[in-house]
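Visitor: 3D, please:
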Amino acid sequence: MDKLALPLAAVPAPRTGVPRRDLEYVANDFVCLASLAYAYAGISLGPNKEDFVYSRLAPRLRRLALTKFADYIRLLNTGDLNEQQEFVNALTTNYTEFFREAHHFPVLVQQLLEGERQRVSRTVWCAACATGEEAYSIAIALIEAFDSLRPPVQVLASDIDTDVLARAVAGVYPLDKLASLSEAQIERFFDVESTLRLATVRPALRRLVAFRRINLLDPIWMVRPPLDAIFCRNVMIYFDPATQERMLSKFAPLMHPGGLLFVGHAENYTRSGNLFELQHKTVYRLSESGRALAARSAARWRPAQAKLTSESTHDTSANDSANKREKN
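Guide: Sure, this is the predicted structure:
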């Protein structure tokens, strides 16, 4: 993350500030921090977020033995990539749960079951996976839909926050986080430690998900198209309209022409450009223009797909007997 400046139009208007709480924090500190948040992660912070920024960053300053936010800003501006990541981690909101917005999963399953059977592989991208519940929910839905522990679909899960990604990879959750799962699902996909009240994702589920750090503001994403579905739920609400438009224009070329975009319940992109159109509640498909863009982009990824060997394919019928013997 390089030192970047926020466009003047996006900088929150300064407010008369005085030192507050136990750390020195003035109005200009907030303006600078909002600028950096926008530059590093696309997070748009209005003036009403001054207290939020203080509460999120104050523990980090205390850990670094800093008493002034101005000193912390100077540290960020030295180009310390590790500290810039800590800054982003502190400001991101990572609330999630298993099968959140449950109406999305039957739509996803139907999309994949009715898709082109002859295709080598299919991919679902969970673009802001937080601590992993959403990605594992997708994987559970796929296993159940294809009746196989090795469905012909890969789940790519990414987040900008390295702390939550580490927790997602570990796949260890308090039992109360599994409240939306059935007893059969818990028994099949988790190892439960009743004494500690913890549940750990089993290897058969874990191997279906590939976790990766991706900053949606990066010019290039380490994502292999075509994507049959993108879950980008409750993340673009933190972006300004210009950044949202940019994200949508980058999603479309990566998608299979019949792919779907799943967004959060508070998000609406029916007026955002002309690449997507509403198909179901908070589910978008590519518009005619979007499909044309995806088709033009296909020439770039089809050769790569053709080079895939049989080792990278998942033959569900051939694996059925092995799946029955495998630990569920």
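Visitor: What does the pLDDT read for Tyr25?
Guide: Per-residue pLDDT puts Tyr25 at 94.
Visitor: What's the separation between it and Leu33?
Guide: Noted for Tyr25: a distance of 9 Å to Leu33, by C-beta to C-beta, to the nearest Å. For the C-beta atoms, the positions are set from N, CA and C on the backbone; glycine is no exception.
Visitor: Return every residue with contacts to both of these two.
Guide: Phe69 (C-beta atoms under 8 Å, 6 or more residues apart in numbering).
Visitor: Tell me who's in contact with the nearest residue to Arg197 once chain neighbours are set aside.
Guide: What sits nearest to Arg197 in space, not counting adjacent residues and going by C-beta to C-beta, 6 or more residues apart in numbering, is Leu175, at 4.7 Å. The neighbourhood of Leu175, defined by C-beta under 8 Å, 6+ apart, consists of Val192, Ser194, Arg197, Leu198, Ala199.
Visitor: In the stretch 51-200 of the chain, what residue spans correspond to strands?
Guide: Under the criterion DSSP state E, counting those that start in this stretch, the stretch 51-200 of the chain contains strands at 122-126, 153-159, 172-174, 190-193, 198-201.
Visitor: Check the stretch 201-328 of the chain too.
Guide: So, for the stretch 201-328 of the chain - with DSSP E, counting those that start in this stretch - the strands run 209-213, 227-231, 255-262, 276-280, 283-286.
Visitor: out of these, which comes closest to Val124?
Guide: Checking the strands of the stretch 201-328 of the chain against Val124 by C-beta to C-beta gives strand 227-231 as the closest, at 4.6 Å.
Visitor: Which positions in that closest one come out as buried?
Guide: Leu227, Asp228, Ala229, Ile230, Phe231 (16 or more other C-beta atoms under 10 Å).
Visitor: what does stretch 75-91 give?
Guide: Leu75, Leu76, Glu83, Gln84, Gln85, Glu86, Phe87, Val88, Asn89, Ala90, Leu91.
Visitor: The residues you listed in helices, which ones?
Guide: Per DSSP state H, helices hold the following members of the buried residues of stretch 75-91: Leu75, Leu76, Glu83, Gln84, Gln85, Glu86, Phe87, Val88, Asn89, Ala90, Leu91.
Visitor: now the nearest residue to the fifth one once chain neighbours are set aside: how far from Arg213?
Guide: What sits nearest to Gln85 in space, not counting adjacent residues and going by C-beta to C-beta, 6+ apart, is Thr162, at 5.9 Å. With distances defined as C-beta to C-beta, the gap from Thr162 to Arg213 amounts to 6 Å.
Visitor: Now tabulate the strands of the stretch 201-328 of the chain in TSV and tack on mean pLDDT and distance to Arg63.
Guide: Supplementary listing: the strands of the stretch 201-328 of the chain in TSV, determined by pLDDT from 0 to 100; distance: least, C-beta to C-beta, whole Å:
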stretch	mean pLDDT	distance to Arg63
strand 209-213	96	22
strand 227-231	95	33
strand 255-262	92	37
strand 276-280	91	42
strand 283-286	94	41
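Visitor: Please determine how far Asp80 is located from Ser35.
Guide: 17 Å.
Visitor: contacting residues around the most centrally placed residue in the chain?
Guide: Centroid check for the chain by C-alpha atoms, centre = their mean gives Ala128 as the closest residue, at 1.1 Å. The contact partners of Ala128, taken as C-beta under 8 Å, 6+ apart, are Ser158, Asp159, Ile160, Leu216, Phe231, Cys232, Arg233, Asn234, Val235.
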